[in-house]
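A.B. asks: model this:
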Amino acid sequence: MNAPSDGRTLRRSRNRDAVIAALLELIREDNLSPGAAEIAERAGVSHRSVFRYFDDLNDLVRTAIRQDFLAAEPLIEIPNIGKGTLGERVANLVDARLALYEYVRGTALVARMRAGSMPDIDAEIATVNMFYREQLRQHFEEELDARSQDETESIIDAGLVLTSFDSFDLHQQMLGHDVDAIRASWTTSLLALLSG
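C.D. replies: This is a model prediction of the structure:
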C-alpha cells in the first residue's frame with residue numbers, strides 16, 4: 001500500500017540530490033551563476049521540477065553551498081594542532097587552509113557574490129572565521145605567550161587575514177599564483193609574523 005508513495009519519495013529525493021549535484025558540478029567548472037534551465041539539463045530533470053524541490057534559485061544555491069561546506073568540515077581541522085616546531089606548525093596550518101580553499105573555491109566565490117541575498121550564509125562564514133581565530137591562538141600559543149595582549153590580538157588578526165579565503169583568491173586571480181606560490185608566500189609571511 002505504501003510502495004507507490006515510497007517510490008515517489010525516493011524519486012523526489014534522488015532528483016533533488018541530482019539538482020544539487022548538478023549545480024555543484026557547474027560551479028566547479030567555474031560557471032558561478034548558472035540558470036535553472038542549465039542546472040535542470042545537467043541534472044536530467046525538467047526545468048519546472050527544479051522548483052518542486054526548492055523555493056527559488058537562492059534556496060537551491062544556499063542548499064548547495066551548505067552541503068559543500070559540510071562536506072569540507074574535516075578539512076577545517078589543523079593536523080597536530082599546537083604541536084611541533086614553529087616551522088612544522090606553520091606548514092600544517094598552510095597545508096590545511098590550502099586544501100580547504102581548493103575544495104570550496106567555487107562555492108566560496110558564489111557565497112561571496114550572493115552574500116547580500118543570503119545573510120544566513122554570510123553569518124555562518126563569520127562564525128567559521130571566529131573559529132579560525134581561536135585555532136590560530138591555540139596553534140601558536142607558544143609564540144603568542146611572549147607577547148602583550150594587544151600584540152597577540154594584532155598577530156592573530158594578521159594571521160587570519162593572511163590565510164583567509166580572500167587572500168587565497170587574491171593570490172590566484174590578481175597575482176596569478178598557483179598553490180605552490182601561495183604556500184611559499186604564506187609560509188614566509190607567517191614565519192616572519194610569529195618569530196619577530
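A.B. asks: from now on I want contacts and neighbour counts done on CA atoms only, so please keep to that.
C.D. replies: Noted.
A.B. asks: tell me which residues of the longest helix that the chain contains come out buried.
C.D. replies: Ranked by residue count, the top helix of the chain under DSSP state H comes out as helix 86-113. Under the neighbour-count criterion of 16 or more other CA atoms under 10 Å, helix 86-113 has 86, 89-98, 100-101, 103-111 buried.
A.B. asks: and it, how far out from the chain's middle?
C.D. replies: The chain centre lies 7 Å from the centre of helix 86-113; the measure is CA atoms, centre = their mean, to the nearest Å.
A.B. asks: tell me the buried residues in the lowest-mean-pLDDT helix or strand in the chain?
C.D. replies: For the chain, counting by mean pLDDT, DSSP states H and E, helix 3-28 ranks last in confidence among helices and strands (a mean of 84). For helix 3-28, a neighbour-count test (16+ other CA under 10 Å) marks 15, 16, 18, 19, 20, 21, 22, 23, 24, 25, 26, 27 as buried.
A.B. asks: what is the nearest of the residues you listed to residue 72?
C.D. replies: residue 24 (13.3 Å; CA to CA).
A.B. asks: tell me the spacing between the closest one and residue 34.
C.D. replies: The spacing between residue 24 and residue 34, counted by CA to CA, to the nearest Å, is 10 Å.
A.B. asks: what's the angle from the longest helix of the chain to helix 3-28?
C.D. replies: Comparing the axes of helix 86-113 and helix 3-28 via axes from the mean of the first three to the mean of the last three CA atoms, to 10 degrees yields an angle of 110 degrees.
A.B. asks: now do stretch 153-170: everything it contacts.
C.D. replies: 94, 97-98, 101, 108, 129, 132-133, 136-137, 182, 186, 190, 193-194 (CA atoms under 8 Å, 6 or more residues apart in numbering).
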